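Asks: Sharing a sequence plus its predicted fold:
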Amino acid sequence: MPKRNDLEQKALHFVMNTGYQGVLQSELWRELGASSREGSRVAIKLEEKGLIRREKELEGGRWTYRLFPKRMPANIETIVDCPCLMCQDNARCDPTTVISPKSCERLTEWIIGLDKPPEEPEV
């Protein structure tokens, strides 16, 4: 049987890659090749460490947990829309000057928008 730390790392990686939809705890332990007991312990441990969030869910007439990452993996998509990248005042922008990230409305709106999950395209 793999070491618990190895299972925790694999579990965290798998949960993070599921994104906003999360993964059922039962799917996680199957993916890890672990027993349901070991999979549950790993999920609880990751939750205690503040790395994932567990939400109770009824699936197929049985209660289980859906696991969600607390943080999404970083990639270029996370900053591609940042207004600073194409801002004409970028060279003069500094926290100690009049043109500052502290007072930039476009930057503030973008940061607030980061807290919202992306909208799924309509079918």
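Replies: Alright, I've got the coordinates. Numbers count the residues shown, from 1 in each chain.
Asks: Can you give me the pLDDT of the residue nearest to the spatial centre of the chain?
Replies: In the chain, the centroid-proximal residue (C-alpha atoms, centre = their mean) is Met72; its distance is 2.6 Å. Met72 carries a pLDDT value of 75.
Asks: Equivalent analysis for Arg30, please.
Replies: Taking Arg30 on its own, its pLDDT is 89.
Asks: Three-state assignment for it, please.
Replies: helix (DSSP: H, G, I helix; E, B strand; the rest coil).
Asks: ditto for the one 4 residues further on
Replies: For Ala34, the assignment made with three-state DSSP gives coil.
Asks: Next, count neighbours for Gly19.
Replies: Neighbour count for Gly19, taken as other C-beta atoms under 10 Å: 14. Heads up, the C-betas are built off the backbone N, CA and C, glycines and all.
Asks: which residues of the protein fall in helices?
Replies: With DSSP state H as the criterion, the chain has helices at 4-18, 25-32, 36-48, 105-114.
Asks: what residues are up against the residue nearest to the centre of the chain?
Replies: 16, 19-20, 78 (C-beta atoms under 8 Å, 6 or more residues apart in numbering).
Asks: Which one (most neighbours) among the residues you listed?
Replies: Met16 (17 neighbours).
Asks: Which residue is the nearest non-sequential neighbour of that one?
Replies: Pro69 (4.4 Å; C-beta to C-beta, 6 or more residues apart in numbering).
Asks: count of residues packed around that neighbour?
Replies: Counted with other C-beta under 10 Å, Pro69 comes out at 21.
Asks: Sounds good, over and out.
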